[in-house]
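Trainee: dropping a prediction and its sequence here:
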Amino acid sequence: MRAVEIQEYGGPEVLRVVQAEAPEPGPGQVTIDAAYAGVNVADLKARAEGYRVPTLPFRPGVEVSGRIRAVGDGVEGLAPGQEVVAFVAGGGYAEVVRAEAATVFPLPEGLDLRTAAALPTVVPTAHALLHEVGRLRAGESVLVHGAAGGIGTVAGQLARAAGAGAVYGVVSSLDKAEHALKYGYDEVFTAGTFPEDVRRATGGRGVDLILDPVGGDTLRRGLDTLAVYGRLVSFGNASGAEPWQVGQPELYAQGRSIAGFSILTLAQSSPEALRALVERAFHTVTDGTVSVPVTAEFPLPEAAEAHRLMGGRTSTGKLLLRISA
């Protein structure tokens, strides 16, 4: 089979197509003939700096769609030939992918493999950020960083559907604002001026909930734009900045709070919670509440081009690798 792997850390050029033996499922596992793989920031960080990479060589890719190839001992409810989507700890950039059965889900009703490949990370993540972790209430205001990306486009739609009083987005450049405004946002700000823009838009009150995948200085400035009792949910560190700690002086005065979320960590620590979250989140797609725009698709051997597009911060929506569809 063909697979894309890295043998050293670096730029997109370190992604290499290799020939390898197809994996076999162990107990509690399945193998999948992959149709599509999602491209995520986690893949870029794995390639560049070893994020969640146990050893080299390593195959990136944390989400795939395809058809069950084989099932291991003890697997129930999944069968060869069944169309599925799956979370994996790595190895998604390959024609055959091994996955833990607990993180494999039957294809949502009415969806094809291409559409479904865009769902596993972005839709449950956006749902958890707003509801399970962020505890959004009707009438509250929301600020979402990365509003034009995959998670951002879903978060805007979900916040609007939940009755948010105002939905604000932040993008890296105004070139992305038009895209974000199609997906539930009232106003879209740029990263350089968002604190001032929030104060203007809210009459100085601030926002009730912030979703932040950037970290670093963006997180620090975001904390100052929260309303009284406001919440900030951190779900990444795209800035690459050193981890920042917040304490009593920043939180006590106005009852603010900070929480965190990682769907990849949840998949490993609590597959049962992940399964319940995925079922709730996927329902918002099948009932028409949410759509996930796939804005670019690359064949598997062009994975480096997909990484260049995402890494250049000009992409919007969701990027996919086409493997065997």
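Mentor: Great, that's in hand.
Trainee: which secondary structure elements does whichever strand or helix holds residue 283 contact?
Mentor: Taking DSSP states H and E as the definition, residue 283 sits inside helix 271-286. Helices and strands touching helix 271-286, by 3 or more C-beta pairs under 8 Å, 6 or more residues apart in numbering; DSSP states H and E, are strand 104-106, helix 122-127, helix 263-269. C-beta here means a position set from N, CA and C on the backbone, and glycine is covered the same way.
Trainee: hmm, try it at 7 Å
Mentor: Secondary-structure packing of helix 271-286 (3 or more C-beta pairs under 7 Å, 6 or more residues apart in numbering; DSSP states H and E): helix 122-127, helix 263-269.
Trainee: got the CA coordinates for the next helix or strand after the first one in CSV?
Mentor: Yep, that's helix 122-127 we're talking about. From helix 122-127 onward toward the C-terminus, using DSSP H and E, the following helix or strand is strand 141-145. Taking Å, rounded to 0.1, in the frame of the first residue of the first chain, the C-alpha atoms of strand 141-145 are listed here in CSV:
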residue,chain,number,x,y,z
SER,A,141,-22.2,36.5,23.0
VAL,A,142,-19.4,34.4,21.5
LEU,A,143,-16.0,35.2,20.0
VAL,A,144,-14.3,32.5,17.9
HIS,A,145,-10.7,32.7,16.8
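Trainee: and the following helix or strand past strand 141-145, how far out from the chain middle?
Mentor: Using DSSP H and E, the next helix or strand after strand 141-145 towards the C-terminus is helix 150-161. Average the C-alpha atoms of helix 150-161, do the same for its chain, and the two points are 12 Å apart (C-alpha atoms, centre = their mean, to the nearest Å).
Trainee: hang on, the earlier thing: what's in contact with the helix holding residue 283?
Mentor: With contact meaning C-beta atoms under 7 Å, 6 or more residues apart in numbering, helix 271-286 is reached by 102-103, 105, 108-110, 119, 123-124, 127-128, 132, 158, 266-267, 290.
Trainee: so which of these sits lowest on pLDDT?
Mentor: Among the contacts of helix 271-286, residue 109 has the lowest pLDDT, at 88.
Trainee: helix/strand/coil for that residue?
Mentor: Secondary structure assignment for residue 109 (DSSP: H, G, I helix; E, B strand; the rest coil): coil.
Trainee: angles on the backbone of it, please.
Mentor: Phi and psi for residue 109, reported as degrees, to the nearest 10, are phi -60, psi 130.
Trainee: number of residues surrounding it?
Mentor: Number of residues near residue 109 (other C-beta atoms under 10 Å) recorded here: 9.
Trainee: next one: the one 3 residues further on
Mentor: For residue 112, the number of neighbouring residues by other C-beta under 10 Å comes to 13.
Trainee: need the contact list for the residue nearest to residue 263 when sequence neighbours are not counted.
Mentor: On the basis of C-beta to C-beta, 6 or more residues apart in numbering, the spatially nearest residue to residue 263 that is not a chain neighbour turns out to be residue 125, at 4.9 Å. Listed by C-beta under 7 Å, 6+ apart, the contact set of residue 125 reads 151, 235, 263.
Trainee: list the contacts of residue 143.
Mentor: By C-beta under 7 Å, 6+ apart, the neighbours of residue 143 are 168, 170, 198, 207, 210.
Trainee: against residue 248, how distant is it?
Mentor: From residue 143 over to residue 248 the distance is 24 Å, taken as C-beta to C-beta, to the nearest Å.
Trainee: got it, and residue 142?
Mentor: 26 Å.
Trainee: looking at these two, which one has more neighbours?
Mentor: Neighbours were tallied for residue 142 and for residue 248 using other C-beta under 10 Å; the higher tally belongs to residue 142 (28 against 7).
Trainee: and the one helix or strand in the chain whose mean pLDDT sits lowest, how far from the chain's centre?
Mentor: Between all helices and strands in the chain, the lowest mean by mean pLDDT, DSSP states H and E belongs to helix 248-251, at a mean of 80. Once both centres are worked out by C-alpha atoms, centre = their mean, helix 248-251 turns out to sit 29 Å from its chain's centre.
Trainee: what residues of that helix count as buried?
Mentor: For helix 248-251, the neighbour count (16 or more other C-beta atoms under 10 Å) marks no residue as buried.
Trainee: what's the answer for stretch 231-241, then?
Mentor: So stretch 231-241, judged by 16+ other C-beta under 10 Å, has buried residues 231, 232, 233, 234, 235, 236, 237, 238.
Trainee: now do the contacts for residue 20.
Mentor: With contacts defined as C-beta under 7 Å, 6+ apart, residue 20 is in contact with 1, 3.
Trainee: for it, phi and psi?
Mentor: Per degrees, to the nearest 10, the backbone of residue 20 is at phi -150, psi 160.
Trainee: quick one: it and residue 60, what's the gap?
Mentor: Separation of residue 20 from residue 60 (C-beta to C-beta): 14 Å.
Trainee: hang on, the earlier thing: just the mean pLDDT for the helix holding residue 283, thanks.
Mentor: Averaged across helix 271-286, pLDDT comes to 96.
Trainee: restricting to C-alpha, output it in PDB.
Mentor: These are the backbone C-alpha positions of helix 271-286, laid out as PDB (Å, rounded to 0.1, in the frame of the first residue of the first chain):
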ATOM      1  CA  PRO A 271     -13.700   6.800  24.400                       C
ATOM      2  CA  GLU A 272     -17.200   6.500  25.900                       C
ATOM      3  CA  ALA A 273     -17.400  10.300  26.400                       C
ATOM      4  CA  LEU A 274     -16.100  10.700  22.800                       C
ATOM      5  CA  ARG A 275     -18.700   8.400  21.400                       C
ATOM      6  CA  ALA A 276     -21.600  10.300  23.100                       C
ATOM      7  CA  LEU A 277     -20.200  13.600  22.000                       C
ATOM      8  CA  VAL A 278     -19.800  12.400  18.400                       C
ATOM      9  CA  GLU A 279     -23.300  11.100  18.200                       C
ATOM     10  CA  ARG A 280     -24.700  14.500  19.400                       C
ATOM     11  CA  ALA A 281     -22.500  16.500  17.100                       C
ATOM     12  CA  PHE A 282     -23.000  14.400  14.000                       C
ATOM     13  CA  HIS A 283     -26.800  14.800  14.500                       C
ATOM     14  CA  THR A 284     -26.400  18.500  13.800                       C
ATOM     15  CA  VAL A 285     -25.100  17.600  10.300                       C
ATOM     16  CA  THR A 286     -27.700  15.000   9.400                       C
END
